[in-house]
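Engineer: Got a sequence here, can you build the structure:
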Amino acid sequence: MKKLLLLALGAVGAVVAAKKSQEAKHEQALWAEATDSVKRS
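Structural biologist: Numbering: from 1, shown residues only. Below you'll find the model as predicted:
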């Protein structure tokens, strides 16, 4: 029973970490777009 609980906690932790990583990438993309240098011709 303890092994199953640890496995479930590990899976939840992995999902939370993956979601946080995806949100950080999205935030970085937004900042990159907002601070992108504008080339004028």
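Engineer: In this structure, mark out all the helices, start to finish.
Structural biologist: With DSSP state H as the definition, the chain shows helices at residue ranges 2-34.
Engineer: Point out where it drops to low pLDDT.
Structural biologist: Counting by pLDDT under 70, the chain contains low-confidence residues at 39-41.
Engineer: for it, which residue is closest to the average position?
Structural biologist: Ser21 (1.7 Å; Cα atoms, centre = their mean).
Engineer: residues near Ala34, how many?
Structural biologist: Residues lying near Ala34 (other Cβ atoms under 10 Å) number 7. Heads up, the C-betas are built off the backbone N, CA and C, glycines and all.
Engineer: Make residue 1 into 21 and carry on from there
Structural biologist: From this message on, residue numbering opens at 21, which makes the last subject Ala54.
Engineer: Can you give me the separation between it and His46?
Structural biologist: With the distance defined as Cβ to Cβ, to the nearest Å, Ala54 ends up 13 Å from His46.
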